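Q: sharing a model prediction with you, sequence too.
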Protein chains: 2
Amino acid sequence: MADIKQRQQKHKEDLKISILEAAKKLFVQEGYEATSIRKIAKEIGFSPTTIYLYYKDKNDIVYALHREGFQLLRQQFVALESVDDPFQRIKALGRVYIDFAFRNPDYYQVMFMMKEPMTFLDTHCAQEQWPEGERAFDFLRGTVAQCQEQGWFKGLDGNFVALQTWGAVHGLVTLYLSEHMSKIAENLALDLSVRELVNKAFEVFVAFIEQSKK
Amino acid sequence: MADIKQRQQKHKEDLKISILEAAKKLFVQEGYEATSIRKIAKEIGFSPTTIYLYYKDKNDIVYALHREGFQLLRQQFVALESVDDPFQRIKALGRVYIDFAFRNPDYYQVMFMMKEPMTFLDTHCAQEQWPEGERAFDFLRGTVAQCQEQGWFKGLDGNFVALQTWGAVHGLVTLYLSEHMSKIAENLALDLSVRELVNKAFEVFVAFIEQSKK
DNA sequence: TTTGACTACTTAACACTGTTAAGTAGTTTT
DNA sequence: AAAACTACTTAACAGTGTTAAGTAGTCAAA
């Protein structure tokens, strides 16, 4: 009796997951704009309205993908925990972050470029939190703090160093994702790919922070 | 004869302008997502299809607003030409840029966060150019070059310094506009407004570049 | 065993969206 | 007067997110 109910519960969970997987597939294949509730429904062989039995609305699905993206990003970050030198780690963190954005542009869009998942958080989740983002940002903040213990970022507030660091890589990445970087690439006429352009700009940032010890 | 034709031409131009003004109004009042062709048409008292006699499609209108935004930004920039010291100018440039984004979030979105006007440029304009953006970027590049003549940014490629500088402010601004900054503000619990947060982070960037002379 | 409730899902519809094809007055040219 | 052109409209297509109402099938109590 309880078994059957549990199995049903499991089936229900299964469908919730397969909705998300269909959404993810369409999302990565055809981008966010082209992914509609009706297409997701067709993908899993159910009617569009069934989606609403498992997710409150489209933003709910987007937020679920947002969380999945952060799980993926965190997987990239764990490898960095083995980097002992915090200054090496902060540089690697930037490289990994940029790499993540280039490899997963769709996830990046949902995670860092869309308002919707953030406002969904505001209206439907308790006490106005953003656990995924805070965790990632705390990792950056912690690394900055460790750098400061070793004499880097002298005379600067670690919180704002972290914020500026995030902003620096985020800025480069979003300029690329919004197609602005390619136009600048043409203008510069340096015969470099956009990826190389981002790398070079990031190297400038690294050069900046490397001077913060002396 | 030619007069009448000219007047008609003028009326036609007038309507094209008033379409854009209606679009701008709705856009600033209710945001990009909420601005539809039908609403623009209602605003000017014409049928929706009339819009298509003056603009190719919605992206055409968005690109027109994109250009208007750059005109507005350039107006902010001209005041900076009186700043003689290039290093003071580059710092002021950052402040003005951030200020522009906070005062005109909707224009900023069209100018720097949307793919559509860029791809419109690609498909409908000749020789893949982006005159507005290039002009603004060249102003930044020129200022960086002048800084280098005075010994700043030693050992760095001016093109990538400019790109990194742009990325740094753009990153902070977009984190704010996508509602991510406010979540971080809560996390930091510093009792600062998002605007102050962005300023503090920008000050860190300024501190970084100030060390590039020695 | 039959009734009633509950579950999981669907159909139909609402109010939108961008966009196009076809049609219609009114003016101008031939 | 007839043909052509201009400026605009109506109607429609194909799509969007979302909701209200309805329908089979399963289960529990009468």
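A: Done, it's in.
Q: name the helix or strand for the closest residue to residue A:91 other than its chain neighbours, please.
A: Sequence neighbours aside, residue A:206 is the residue nearest to residue A:91 in space, at 5.7 Å (criterion: Cβ to Cβ, 6 or more residues apart in numbering or on different chains). For every residue, glycine as well, the C-beta is placed using N, CA and C. Using DSSP states H and E, residue A:206 sits in helix A:194-210.
Q: close to DNA strand D: what parts of chain A are there?
A: Contact residues, chain A versus DNA strand D (Cβ under 7 Å from any atom of the strand): A:1, A:4, A:35-39, A:48-49, A:52, A:57-59.
Q: check which helix or strand the nearest residue to residue A:116 once chain neighbours are set aside maps to.
A: Once flanking residues are discounted, residue A:116 sits nearest to residue A:59: 4.8 Å by Cβ to Cβ, 6+ apart. Element membership for residue A:59 (DSSP H and E) is helix A:58-78.
Q: wait, the residue nearest to residue A:116 sits on residue A:120?
A: Yes. Here residue A:59 reaches residue A:120: they are 4.2 Å apart, a contact under Cβ atoms under 8 Å.
Q: tell me, how many residues neighbour residue A:49?
A: Using other Cβ atoms under 10 Å in any protein chain shown, residue A:49 is surrounded by 9 other residues.
Q: measure it to residue A:61 for me?
A: With distances taken as Cβ to Cβ, to the nearest Å, residue A:49 is found 14 Å from residue A:61.
Q: before we move on, back to that, tell me the angle the helix or strand just after the helix holding residue A:59 makes with helix A:58-78.
A: Next helix or strand after helix A:58-78 toward the C-terminus (DSSP H and E): helix A:86-103. Between helix A:86-103 and helix A:58-78, the angle comes out at 140 degrees (axes from the mean of the first three to the mean of the last three Cα atoms, to 10 degrees).
Q: helices or strands next to the following helix or strand past helix A:86-103 in the packing?
A: Per DSSP H and E, the first helix or strand lying C-terminal to helix A:86-103 is helix A:105-108. When contacts are defined as 3 or more Cβ pairs under 8 Å, 6 or more residues apart in numbering or on different chains; DSSP states H and E, helix A:105-108 packs onto helix A:58-78, helix A:86-103, helix A:158-177.
Q: how far off centre is helix A:105-108?
A: Here helix A:105-108 is found 7 Å from its chain centre; the criterion is Cα atoms, centre = their mean, to the nearest Å.
Q: coming back round to it: residues in contact with the residue nearest to residue A:116?
A: The contact partners of residue A:59, by Cβ atoms under 8 Å, 6 or more residues apart in numbering or on different chains, come to A:116, A:117, A:119, A:120.
Q: repeat for residue A:163
A: B:172, B:184, B:197, B:200, B:201, B:204.
Q: hmm, which of those residues is lowest in pLDDT?
A: Of all the contacts of residue A:163, residue B:184 has the smallest pLDDT value, namely 92.
Q: now that one: how far from residue B:47?
A: Residue B:184 sits 46 Å away from residue B:47, going by Cβ to Cβ.
Q: and those two? Which one has more around it.
A: Shown here are residue B:184 and residue B:47; by other Cβ under 10 Å, residue B:184 has more neighbours (22 against 9).
Q: surely the more buried one and residue A:140 touch.
A: No. Using Cβ under 8 Å, residue B:184 is not in contact with residue A:140; the gap is 10.6 Å.
Q: hmm, which helix or strand of chain A has the shakiest average pLDDT?
A: The least trusted helix or strand in chain A, going by mean pLDDT, DSSP states H and E, turns out to be helix A:2-30, with a mean of 75.
Q: helix or strand right after it?
A: Proceeding N to C from helix A:2-30, the next assigned helix or strand is helix A:37-44, under DSSP H and E.
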